[in-house]
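In: Sequence first, then the predicted structure:
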Amino acid sequence: MTNAPKKAVILAAGCGSRLRPLTDLRPKPLVEVNGTPILHNALRNLEAVGVEEVTIVVGYRKDAIQYSCGNHFGKLEINYAESPVFDKTGNAYSLWLARDTLLTGDIYLLEGDVFFELDALRYLDMEEAENVAAVAPFDRSMEGSAVVVTENGYIAEVRMNQTAANLIDGSPRLFKTMNLIRLSGNDLRETIVPRLDDLIGSGAVNSYTEDLLSDLVQKKALWIAAARCDDVRWYEIDNEDDLRVAEAMFTTPREFAC
């Protein structure tokens, strides 16, 4: 892809309750992996691929994120969208709060609890498709959202709440979603934001972004290619066990791309 997005949205409003007591006094995106906050790693990687402006959706302990990142982080301009009801809503509501940014053009969409290498974003940009999600082979240590990918590399189905029990011989191969997505301005304006408006307007404030994208994919209203990141190190950090795994994984010099 020749024209990578210049803007990004990071969803970082949640409480991180499963990481307590580490999140008693700080939001999950500021929990450190080997001394580097999860959010800072994401911002450095976004800057490295040419992003110029990032909107961070904040809620729980928002002041800590705003103090840590400021209005500029490196060369990045940082804006904030604040959720006053972060403890009563799903992350689709957080995405809706960033709709002004979504309507401006192509973006990267990230969740604020994923620690990842720069190559994940590079793989997104290597794909020619308008919309691309980073995925990795689903293994028995994983749980959460997964996708089935067609032979031509597009997501055919999004499956929620998957575990090792869903890895059944003879079933379609599953890939774990990494919560790193590149979305086109046209699809954001014509499909995603209008659907978000309908969703939130109907009162479905507890919905998740995965629900939204799954519905659009199923109805063939949105086509998302899968960028295979089999050799990229990344980890979604939900609890202390995840944090220990991530710290063991990111111990060699190439983990902190900048």
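Out: All right, it came through fine. Numbers count the residues shown, from 1 in each chain.
In: Do a quick rundown of the helices in the stretch 51-200 of the chain.
Out: Taking DSSP state H, counting those that start in this stretch to define them, one finds helices in the stretch 51-200 of the chain at 62-69, 91-97, 99-102, 119-126, 185-187, 193-201.
In: For the shortest one, name the packing helices and strands.
Out: This points to helix 185-187. Here helix 185-187 is seen to pack against no other helix or strand when contacts are counted using 3 or more Cβ pairs under 8 Å, 6 or more residues apart in numbering; DSSP states H and E. The C-beta positions use only the backbone N, C-alpha and C, and glycine is treated the same way.
In: ditto for the last one
Out: If you count contacts as 3+ Cβ pairs under 8 Å, 6+ apart, helix 193-201 packs onto helix 91-97, helix 99-102, helix 209-218.
In: what about that helix, distance to the chain center?
Out: The chain centroid and the centroid of helix 193-201 are separated by 19 Å under Cα atoms, centre = their mean, to the nearest Å.
In: Check which residues of it are buried.
Out: 193, 195-196, 199-200 (16 or more other Cβ atoms under 10 Å).
In: Just want the angle from that helix to helix 209-218.
Out: Note on geometry: by axes from the mean of the first three to the mean of the last three Cα atoms, to 10 degrees, helix 193-201 and helix 209-218 are set 130 degrees apart in direction.
In: Kindly report the same for the first one.
Out: Our comparison of helix 62-69 with helix 209-218, counting by the same axes, to 10 degrees, yields an angle of 80 degrees.
In: List the contacts of helix 62-69.
Out: Contact with helix 62-69 is made by 12-13, 26-27, 29-30, 37, 39-40, 43, 56, 58, 78, 80, 82, as judged by Cβ atoms under 8 Å, 6 or more residues apart in numbering.
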